[in-house]
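Novice: here you go, sequence then predicted model.
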Amino acid sequence: GALAGALAGALAGALAGALHGRCQGPAAPGTAQQLDTLYRCTYIDQNEICLSSRIIHMTRPGSGGRIEVICGCMYSGKTEELIRRMRQVMIARQPCRIFTPRMDTRYSAAHIASHTGSQLEAVPITSIKQVLAATEDVQVVALDEIHFLEDSPQAILDACQFLADQGLRVIVAGLDQNYRAEPFPGMMQLMAVAEQVDKLYAICVRCGAYATRSQRLINGHPAPREAETLVVGGLDLYEARCRQCYQQAP
């Protein structure tokens, strides 16, 4: 707290000094006066710097329990981001455990694995209840592809809320929409209560725009609406597409 306050004070003081006299003569390129003209600095104090409508706080996430959601369509890098965060946790030597649905065996049954080949060891599970029974000795819990669990959306929500209320950092990754472009209820509820939500995007294979939908294909054609909702697959079954290139299930 004292260190953060000192840093905030030093930064505020430096900027205040740089902006002093901003109305004295024309602004030279790249000076604080020119920056003030561009961004219309409103005020500066030791707690925050207000630039237009953006406020930069000298703060960090709380040290208590929290829920983080990483979501998006197929090939958007969800597992890659989950692996990145968990590697940071391991470097910090924080006790952690990673869980993966037993149903997802595309790359490994005992690892979370990205499409680019990154992997971390994980515990295969079928139910969120198995997570609750294996978190007494950890500070951080990670769950990949949470939409593949057999539990109801309410059971998944309740479990994640319980873990966060116990002081754990809960990081969840998964699809936010099914192949029909409809929200997964469990992920939708988690996004509403999470402290942090990151929605990632892929690249549309048709036009190169940002892709937010997962197009499931059967023999090169969009899967019908009555098809099974959860089907594990990769490039052989799914394409990332943007809103305009996505084709509604017939």
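Specialist: Perfect, I can see it now.
Novice: so which strand or helix has Gln189?
Specialist: For Gln189, the host element (DSSP states H and E) is helix 185-193.
Novice: list the contacts of that helix.
Specialist: 67, 69, 71, 146-147, 149, 151-154, 156-157, 160-161, 172, 174-176, 197 (Cβ atoms under 8 Å, 6 or more residues apart in numbering). C-beta here means a position set from N, CA and C on the backbone, and glycine is covered the same way.
Novice: mark which of those are buried, thanks.
Specialist: 67, 69, 71, 146-147, 149, 151, 153, 156-157, 160-161, 172, 174-176, 197 (16 or more other Cβ atoms under 10 Å).
Novice: these in strands, which ones?
Specialist: 67, 69, 71, 172, 174-175, 197 (DSSP state E).
Novice: where does the prediction get shaky in the chain?
Specialist: 1-63, 104-107, 232-235 (pLDDT under 70).
Novice: quick one: the helices in it?
Specialist: Along the chain, counting by DSSP state H, helices occupy 2-19, 32-39, 78-91, 128-132, 153-165, 185-193.
Novice: now the fourth one: buried residues?
Specialist: Buried residues in helix 128-132, counting neighbours by 16+ other Cβ under 10 Å, are found at 128, 131-132.
Novice: same question, the third one
Specialist: Applying a neighbour-count criterion of 16+ other Cβ under 10 Å, the buried positions in helix 78-91 are 78-83, 85-86, 89.
Novice: which secondary structure elements does it sit against?
Specialist: Other elements packing on helix 78-91 under the criterion 3 or more Cβ pairs under 8 Å, 6 or more residues apart in numbering; DSSP states H and E are strand 66-72, strand 96-101, strand 111-113, strand 119-121, strand 140-143, strand 169-175, strand 196-200.
Novice: what's the spacing between Ile171 and Phe99?
Specialist: 11 Å (Cβ to Cβ, to the nearest Å).
Novice: same thing with Gly65?
Specialist: 17 Å.
Novice: these two - which one has more neighbours?
Specialist: Phe99 (23 against 18; other Cβ atoms under 10 Å).
Novice: test my guess that the more buried one contacts Glu121.
Specialist: No - counting by Cβ atoms under 8 Å, Phe99 does not reach Glu121; the two are 10.9 Å apart.
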